[in-house]
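Participant: Quick one: sequence plus predicted model below, questions after.
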Amino acid sequence: QQQVKQSPQSLIVQKGGISIINCAYENTAFDYFPWYQQFPGKGPALLIAIRPDVSEKKEGRFTISFNKSAKQFSLHIMDSQPGDSATYFCAASKGTTDSWGKLQFGAGTQVVVTP
Amino acid sequence: KAGVTQTPRYLIKTRGQQVTLSCSPISGHRSVSWYQQTPGQGLQFLFEYFSETQRNKGNFPGRFSGRQFSNSRSEMNVSTLELGDSALYLCASSVGGRRMLREQYFGPGTRLTVT
């Protein structure tokens, strides 16, 4: 049973457009929500992360929006570039000491940015 | 700082054999988590080690085991390999000792093919 549900599975966006990826979770024990970017043949790279006490966090062209009551969070990629074409994963982990190192991942979203 | 390193990068084994994969975390990081990535199941948590102790374990059979050394380097072992064990095995390191420093940084992975 996947504890973090991610959508869409894939998306195509034009250069300069906005890519939006959504994730939902059920377990209210989750208190850390990172996003990763993965290129073919590489390991996932940490993009940006958020905790539930913040509703939005921005780093460069990447923004996470967090809705605690709806148990949803999303990644917005502004001014999308062809170099952003990759697979994006959302993840979550719980706040207990023995759970800090256990990330539970969404299924991933393949983003293609067309020139 | 050097990133997370994993050796070997590629491995081909025969069904029934065993394999050992190695991971060297970022200097100063004491936690190492292991994940299996497959097209069908996505990214799945295997186990986490912190200060030479297994802190958490995912839902994998006992054929999957690991350990961590005093210098924080970690190894994982898979015995009696099955075709379904073919996957990209990723390790990630984090500081490990503080709830607010939970960022995990991934290595490039070891691509294991079982024939």
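Facilitator: Received, thanks.
Participant: what does chain B have sitting close to chain A?
Facilitator: Residues of chain B lying close to chain A by C-beta under 8 Å from any C-beta of the partner chain are B:4, B:31-33, B:35, B:42-45, B:48, B:50, B:55-56, B:58, B:90, B:92, B:94, B:96, B:99, B:102-109. Where C-beta positions appear, they are placed from N, C-alpha and C, glycine not excepted.
Participant: Show me where chain A has its strands.
Facilitator: Per DSSP state E, chain A carries strands over the ranges A:4-7, A:10-14, A:19-25, A:30-38, A:45-50, A:56-59, A:62-67, A:72-77, A:86-94, A:104-105, A:109-114.
Participant: Redo the ones you listed as TSV? Include mean neighbour count and distance to chain B.
Facilitator: Formatted as TSV, the strands of chain A follow (neighbours: other C-beta atoms under 10 Å in any protein chain shown; distance: least, C-beta to the nearest C-beta, whole Å):
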stretch	mean neighbour count	distance to chain B
strand A:4-7	18	9
strand A:10-14	13	14
strand A:19-25	20	13
strand A:30-38	21	5
strand A:45-50	17	6
strand A:56-59	12	13
strand A:62-67	18	14
strand A:72-77	20	16
strand A:86-94	23	7
strand A:104-105	22	4
strand A:109-114	17	11
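Participant: Let's have the ones you listed in CSV, adding mean pLDDT and distance to B:Thr115.
Facilitator: Conversion of the strands of chain A to CSV gives the following (pLDDT from 0 to 100; distance: least, C-beta to C-beta, whole Å):
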stretch, mean pLDDT, distance to B:Thr115
strand A:4-7, 97, 32
strand A:10-14, 97, 30
strand A:19-25, 98, 36
strand A:30-38, 96, 26
strand A:45-50, 96, 30
strand A:56-59, 95, 43
strand A:62-67, 96, 40
strand A:72-77, 98, 38
strand A:86-94, 97, 26
strand A:104-105, 96, 28
strand A:109-114, 98, 28
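Participant: Closest to the centroid, which residue in chain B?
Facilitator: Centroid-nearest residue in chain B, with C-alpha atoms, centre = their mean: B:Trp34, separated by 3.1 Å.
Participant: Show me what that one is bridged to.
Facilitator: In this entry, B:Trp34 is beta-bridged to B:Phe47, B:Cys91, by DSSP bridges.
Participant: Pull up the gap between the residue nearest to A:Thr96 when sequence neighbours are not counted and chain B, please.
Facilitator: Leaving out its chain neighbours, the residue that sits closest to A:Thr96 by C-beta to C-beta, 6 or more residues apart in numbering or on different chains is A:Ala29, at 7.5 Å. Here A:Ala29 is placed at a distance of 13 Å from chain B (C-beta to the nearest C-beta, to the nearest Å).
Participant: Correct me if wrong: A:Ala29 contacts A:Ser93.
Facilitator: No: assessed by C-beta atoms under 8 Å, A:Ala29 is found out of contact with A:Ser93, at 9.3 Å.
Participant: Overlap in contacts, the two.
Facilitator: Counting by C-beta atoms under 8 Å, 6 or more residues apart in numbering or on different chains, the shared contacts of A:Ala29 and A:Ser93 are A:Ser99.
Participant: Residue 88: what's it in contact with?
Facilitator: No chain in the question, so chain A it is. By C-beta under 8 Å, 6+ apart, the contact list for A:Tyr88 reads A:21, A:35-38, A:47, A:75, A:108-109, A:111.
Participant: not quite, I wanted chain B
Facilitator: By C-beta under 8 Å, 6+ apart, the residues touching B:Leu88 are B:36-38, B:109-112.
Participant: Greatest separation within those: which pair is it?
Facilitator: Maximum pairwise distance in the contacts of B:Leu88, criterion C-beta to C-beta, is 13.4 Å, between B:Thr38 and B:Thr110.
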